[in-house]
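1. can you look at this prediction? I've put the sequence above it.
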Amino acid sequence: MIHKIVFLSLLLGSCGYAVWLGRDNERLTAIALLSSAVASVYLQTSKFFQPESGILLVDLVLLSYLIWLALRSDRFWPLYAAGFQVVGTTIHLARIADHNVLHSAYATAQVFWAYPVLFALVVGTSLEARYRRE
């Protein structure tokens, strides 16, 4: 339960920060991350005992957005966010390929790789805000 509170706090804090101080790319990414988190809650089916196809779909959509953003952005943070999202999405493929992966390891890996994506957004927002002040 505590990990859910920590993640939700960091999600809301980082996305709020991006909406407050970021430009369009940071704001759109915040909306995408919040939407992905909400969609994942509603699409989770097996508490990670089986491959979560709904969450995989959400992760693929988010990955597509982050790759698109990285290709068109003039900043580096979207490259990092997309790279971290690639790893998070690949976790699903590992679970599909090997059903012996423990459900707790699968769930933990899914949550773990969301944190660096949030961190990339916060760093990108901070740098963007600093550039605009100078």
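-> The structure has been received and is ready for your questions.
2. burial of Cys42, as a residue count?
-> Just to correct that, residue 42 is Tyr rather than Cys. By other Cβ atoms under 10 Å, 10 other residues sit near Tyr42. From N, CA and C alone the C-beta is placed, and that goes for glycine too.
3. what do you get for the one 4 residues further on?
-> The local packing of Ser46 (other Cβ under 10 Å) involves 11 other residues.
4. now stretch 20-32: mean pLDDT?
-> Taken as a whole, stretch 20-32 has a mean pLDDT of 97.
5. in it, what counts as buried?
-> Buried residues in stretch 20-32, counting neighbours by 16 or more other Cβ atoms under 10 Å, are found at 21-22, 25-27, 29-30, 32.
6. between all of these, which two are separated the most?
-> Largest separation among the buried residues of stretch 20-32 by Cβ to Cβ: Leu21 and Ala32, giving 17.2 Å.
7. returning to that earlier point: okay if I get the buried residues of stretch 20-32 as a markdown table plus distance to Leu8 and secondary structure?
-> A markdown table is the format used below for those (distance: Cβ to Cβ, whole Å; DSSP: H, G, I helix; E, B strand; the rest coil):
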| residue | distance to Leu8 | secondary structure |
| --- | --- | --- |
| Leu21 | 21 | helix |
| Gly22 | 20 | coil |
| Asn25 | 23 | helix |
| Glu26 | 20 | helix |
| Arg27 | 20 | helix |
| Thr29 | 18 | helix |
| Ala30 | 14 | helix |
| Ala32 | 17 | helix |
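8. SS state for Lys47?
-> At Lys47 the chain is in coil, as set by DSSP: H, G, I helix; E, B strand; the rest coil.
9. show me what contacts the residue sitting nearest the centre point of the chain?
-> Central residue of the chain (Cα atoms, centre = their mean): Ala114, 4.3 Å from the mean position. Contact analysis of Ala114 by Cβ atoms under 8 Å, 6 or more residues apart in numbering lists 7, 11, 88.
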